[in-house]
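Novice: my questions are about this predicted structure, shown below with the sequence.
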Amino acid sequence: MAEKQFAGILNGAVPGEPVKRDENSRRGNWGNQIEFVLTSVGYAVGLGNVWRFPYLCYRNGGGAFMFPYFIMLVFCGIPLFFLELSFGQFASLGCLGVWKVSPMFKGVGYGMMVVSTYIGIYYNVVICIAFYYFFMSMTNLLPWTYCNNPWNTADCSGVVGPSRINSSLANASAVISGVTELVNRTKRTSPSEEYWKHKVLNISDDIGNFGRVKSSGKVVYFTATFPYVVLTILFIRGITLDGAINGIAYYLTPQWQKILDAKVWGDAASQIFYSLGCAWGGLITMASYNKFHNNCYRDSIIISITNCATSVYAGFVIFSILGFMAHHLGVDVSEVADHGPGLAFVAYPEALTLLPISPLWSLLFFFMLILLGLGTQFCLLETLVTAIVDEIGTDWIIRNKTVVTLGVAVVGFLLGVPLTTQAGIYWLLLMDNYAASFSLVVISCIMCICVMYIYGHKNYFKDVEMMLGFPPPIFFRICWRFVSPVIISFILIFTVIQYKPITYNDYIYPNWSLIIGFCMALSSVICIPIYALYKIANSEGSTFLERLKSSLKPDRSWGPALMEHRIGRYAPAGALGPDGGLEARALKEELKEEEKEKLDEISLTIQGSNGSTHNPNPSPNPSPSPNPNPSA
């Protein structure tokens with residue numbers, strides 16, 4: 001009995017109240033709000049925080065990146081995060097279905113699916129690299145500890161003294177003489193960097209030279225919290241190293257001359273959207289499984305701040321280690337390591353060799369990276385699958401969602417194979433810079449403009465108030481209508497003006513590869529005008545203007561998914577209540593037969609902390625049943 005009462009509290013019920021059932025019995029809801037928040041944290045807090053943020057910050061001058069990063073977080077990131085959560089929760093639909101709000105803009109949803117596909121492809125590769133390091137850590141001596149390996153060059157300089165080398169593993173005198181010889185060299189590299197370049201990547205000399213191919217639920221309570229334990233251990237070790245303060249100073253000190261560079265602002269904007277998951281479609285998808293009256297405003301603040309605080313925390317870990325490496329190698333912090341996506345696989349492994357029982361900590365760290373990657377990857381997969389299932393919507397595809405999931409996973413695996421070749425790192429960086437960068441910003445901006453100016457800001461503010469019980473705070477209303485679109489537009493304009501082709505260290509990408517990059521970037525954005533033209537052509541009306549107006553108007557079925565939430569202007573016409581107000585009633589043309597049959601089965605209770613419905617006459621004896629969880 002106590003367990004049932006505790007479960008009821010978790011699920012948003014008041015003590016003594018029966019455990020609530022899913023509001024949407026056909027589609028399902030989250031088991032409780034803690035699961036939604038932790039899954040969202042696991043989705044937003046991922047490789048983008050401990051892998052992508054540090055290398056973008058390093059590439060853009062450390063502290064010079066932090067200033068625009070926080071500006072973008074406050075005025076664009078958090079407001080658009082709240083917009084997407086409220087958007088998906090209100091309609092209980094995925095990233096395609098929500099565009100019933102303005103059918104002409106459904107191409108935005110398709111663009112989100114394309115972006116999620118690209119990110120899912122190369123996220124798989126980063127997860128595989130983490131798996132590789134995980135299994136290579138199953139040894140008495142980490143292979144990137146010393147410089148006496150076949151893949152090392154004469155420029156290698158190890159951090160750990162040769163006295164720790166086991167005589168059965170290496171010749172200490174050879175290492176000592178090698179280190180002595182390196183003292184007079186001007187360019188030295190760490191063992192972890194050489195392991196990354198020459199052993200893990202075995203990188204080719206050109207992007208076109210592929211070489212050979214190299215060989216959600218309750219778990220979120222663990223996967224969402226475990227990374228913080230590992231990061232804290234590395235942080236404590238990092239700040240106690242010699243030279244760590246120099247790395248942290250580089251991290252926090254703004255280089256004002258770089259702040260005027262549009263690319264720094266562009267990278268900050270793309271990282272905010274990338275890290276929070278805006279324009280991926282995942283936020284809309286996960287919020288669509290919330291109960292209608294859930295306080296998604298509170299959730300958006302908690303998740304956004306947690307996500308960006310994690311990025312900053314991971315930055316302290318990385319830059320303290322970079323400061324130590326720079327101190328040891330005798331170079332500036334800005335020159336100590338790879339400026340590309342391999343930074344995390346150089347700095348973190350270097351720190352792990354300095355911990356006692358380093359193989360154990362290495363196992364835990366790369367296990368953490370795997371969990372972070374899988375948490376995001378599962379949500380990306382769910383985004384694509386939910387969009388497909390909601391769009392088709394037949395009983396067969398709903399019953400056989402597992403088949404759809406398997407098909408999407410297999411296709412994603414096959415598309416990721418080229419990134420496992422010796423040229424894979426070039427393609428990974430190309431996709432990260434083009435396929436999942438400014439397209440996120442463009443899609444978010446268009447979504448904001450559509451909701452605020454096509455659907456109408458007054459309409460949307462009323463929708464949010466009907467759902468939450470209060471209107472959006474004035475700060476968010478101003479950001480949605482004016483600030484966010486203006487900031488994003490200026491960044492896009494100046495980024496185009498100051499465009500510079502990407503490079504990977506000293507490697508300059510050939511023009512044909514940059515064309516492919518632009519095509520990947522456009523492939524998600526081009527969905528918007530293509531679908532708009534298609535929708536206009538197939539809308540009602542005898543003239544172009546009539547068809548345009550018809551395609552912009554909300555679909556008749558737009559609104560809350562369940563009839564008990566369709567009140568006010570969403571109530572079926574002609575259904576007048578005794579007090580003169582409108583009362584929700586199912587209409588044959590707006591509700592499928594299956595949903596009508598299930599309405600009587602739904603148990604309604606007084607609103608709890610998780611936000612149930614407002615039925616004043618709850619069923620006296622609702623039978624509790626477990627809440628199925630969406631796969632996320």
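Specialist: Good, I have the coordinates.
Novice: let me see the contact set for the residue nearest the centre of the chain.
Specialist: With distances taken as Cα atoms, centre = their mean, Gly277 lies nearest the centre of the chain, 3.4 Å away. Contacts for Gly277 (Cβ atoms under 8 Å, 6 or more residues apart in numbering) come out as 43-44, 283, 376, 379. C-beta: built from backbone N, CA, C; applies to glycine.
Novice: got any ranges where this protein has weak pLDDT?
Specialist: 1-28, 31, 159-187, 212-224, 338-339, 573-632 (pLDDT under 70).
Novice: could you dump the contacts of Gly277 into CSV and include neighbour count?
Specialist: Formatted as CSV, the contacts of Gly277 follow (neighbours: other Cβ atoms under 10 Å):
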residue, neighbour count
Tyr43, 29
Ala44, 28
Leu283, 32
Thr376, 24
Cys379, 27
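Novice: need the phi and psi values for the residue nearest to the centre of the chain.
Specialist: Torsion angles at Gly277 (phi, psi; degrees, to the nearest 10) stand at phi 90, psi 20.
Novice: distance of it relative to Ile497?
Specialist: For Gly277, the distance to Ile497 equals 29 Å [Cβ to Cβ, to the nearest Å].
Novice: hang on, isn't Lys535 packed against Val108?
Specialist: No. The pair Lys535 / Val108 is not scored as a contact, 11.9 Å apart, by Cβ atoms under 8 Å.
Novice: neighbour count winner among the two?
Specialist: Val108 (27 against 21; other Cβ atoms under 10 Å).
Novice: show me what contacts the more buried one?
Specialist: 99, 443, 446-447, 450, 527-528.
Novice: quick one: distance of the helix or strand that contains it to the chain centre.
Specialist: Using DSSP states H and E, Val108 sits in helix 106-136. From the chain centre to the centre of helix 106-136 is a distance of 10 Å (Cα atoms, centre = their mean, to the nearest Å).
Novice: coming back round to it: quick check: the farthest pair among the contacts of Val108?
Specialist: Greatest spatial distance in the contacts of Val108: Cys450 and Cys527, 13.7 Å, computed using Cβ to Cβ.
Novice: residue ranges for the strands of the stretch 501-632 of the chain, please.
Specialist: 503-504, 507-508 (DSSP state E, counting those that start in this stretch).
Novice: may I have the strands that pair with the first one, each with its orientation?
Specialist: Strand 503-504 has the following strand partners under DSSP bridges: strand 507-508 (antiparallel).
Novice: what does the partner strand contact?
Specialist: Contacts for strand 507-508 (Cβ under 8 Å, 6+ apart): 426, 501.
Novice: quick one, phi/psi of Thr189?
Specialist: Torsion angles, degrees, to the nearest 10, at Thr189: phi -130, psi 160.
Novice: for it, list each beta-bridge partner.
Specialist: Going by DSSP bridges, Thr189 is paired in beta bridges with Cys156.
Novice: mind listing what it touches?
Specialist: Neighbours of Thr189 in contact, by Cβ under 8 Å, 6+ apart: 153, 155-157, 329.
Novice: any quick PyMOL command for the buried ones out of those residues?
Specialist: The buried residues among those can be selected in PyMOL (16 or more other Cβ atoms under 10 Å) with this line:
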select buried, resi 155+156+157+329
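Novice: return the member of the contacts of Thr189 nearest to Leu38.
Specialist: Among the contacts of Thr189, and counting by Cβ to Cβ, the member closest to Leu38 is Leu329, at 40.2 Å.
Novice: identify the residue spatially nearest to the closest one, adjacent ones excluded.
Specialist: Arg188 (4.8 Å; Cβ to Cβ, 6 or more residues apart in numbering).
Novice: now swap in Asp299 and tell me
Specialist: Nearest one to Asp299, counting by Cβ to Cβ, 6+ apart, is Val37 at 5.9 Å.
Novice: so that neighbour touches Ile302, yeah?
Specialist: Yes. The criterion here is Cβ under 8 Å, and Val37 meets it with Ile302 at 6.4 Å.
Novice: between those two, which one's more packed in?
Specialist: Each of Val37 and Ile302 has its neighbours counted (other Cβ under 10 Å); Val37 has more, 18 against 13.
Novice: quick one: contacts for that one?
Specialist: Here Val37 is in contact with 299, 302-303 (criterion: Cβ under 8 Å, 6+ apart).
Novice: can I get these in a markdown table including secondary structure?
Specialist: Output for these, formatted as a markdown table (DSSP: H, G, I helix; E, B strand; the rest coil):
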| residue | secondary structure |
| --- | --- |
| Asp299 | helix |
| Ile302 | helix |
| Ile303 | helix |
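Novice: okay, those residues in a markdown table with distance to Asp261 next?
Specialist: Listed next are those as a markdown table, based on distance: Cβ to Cβ, whole Å:
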| residue | distance to Asp261 |
| --- | --- |
| Asp299 | 35 |
| Ile302 | 33 |
| Ile303 | 30 |
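Novice: okay, now Thr139: neighbour count?
Specialist: Thr139: 13 neighbours (other Cβ under 10 Å).
Novice: ok, it to Leu363 distance?
Specialist: For Thr139, the distance to Leu363 - Cβ to Cβ - is 10 Å.
Novice: and Asn459, by the same measure?
Specialist: 53 Å.
Novice: show me what contacts Ser334?
Specialist: 58, 61-62, 250 are the contacts of Ser334 under Cβ under 8 Å, 6+ apart.
Novice: next secondary structure after the helix or strand harbouring Gly375?
Specialist: In this structure, Gly375 sits in helix 358-392 according to DSSP H and E. Using DSSP H and E, the helix or strand that follows helix 358-392 towards the C-terminus is helix 395-399.
Novice: now that following helix: buried residues?
Specialist: Buried residues in helix 395-399 (16+ other Cβ under 10 Å): Ile397.
Novice: how many other residues sit next to Gly88?
Specialist: Neighbours of Gly88 (other Cβ under 10 Å): 26.
Novice: so Asn459 and Leu363 - more neighbours on which side?
Specialist: The neighbour count for Asn459 versus Leu363, taken as other Cβ under 10 Å, is higher for Leu363 (18 against 14).
Novice: you'd agree the more buried one is up against Ser137?
Specialist: Yes. Here Leu363 reaches Ser137: they are 4.7 Å apart, a contact under Cβ under 8 Å.
Novice: check the contact lists of these two and give me the overlap.
Specialist: Common neighbours of Leu363 and Ser137 are not found (criterion: Cβ under 8 Å, 6+ apart).
Novice: tally of neighbours for Phe235?
Specialist: Applying other Cβ under 10 Å, we find 19 residues neighbouring Phe235.
Novice: list the contacts of Ala387.
Specialist: 94-97, 109, 113, 281, 285.
Novice: how about JSON lines for the contacts of Ser334, with neighbour count and secondary structure added?
Specialist: Shown next, in JSON lines, are the contacts of Ser334 (neighbours: other Cβ atoms under 10 Å; DSSP: H, G, I helix; E, B strand; the rest coil):
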{"residue": "Tyr58", "neighbour count": "26", "secondary structure": "helix"}
{"residue": "Gly61", "neighbour count": "21", "secondary structure": "coil"}
{"residue": "Gly62", "neighbour count": "24", "secondary structure": "coil"}
{"residue": "Tyr250", "neighbour count": "22", "secondary structure": "helix"}
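Novice: which one of the residues you listed is nearest to Asn124?
Specialist: Using Cβ to Cβ, the contacts of Ser334 come closest to Asn124 at Tyr58, 24.1 Å.
Novice: who's in contact with the closest one?
Specialist: 318-319, 322, 334, 337, 339, 343.
Novice: give me the buried entries from the residues you listed.
Specialist: For the contacts of Tyr58, buried by 16+ other Cβ under 10 Å: 318-319, 322, 337, 339, 343.
Novice: which one of the residues you listed is nearest Asp555?
Specialist: Checking the buried ones among the contacts of Tyr58 one by one against Asp555 (Cβ to Cβ), the nearest turns out to be Leu343, at 46.3 Å.
Novice: and the strand or helix carrying Thr310, what does it pack onto?
Specialist: Under the criterion of DSSP H and E, Thr310 resides in helix 296-329. Counting contacts by 3 or more Cβ pairs under 8 Å, 6 or more residues apart in numbering; DSSP states H and E, helix 296-329 packs against helix 33-44, helix 53-59, helix 78-91, helix 226-239, helix 244-252, helix 262-276, helix 344-352, helix 457-468.
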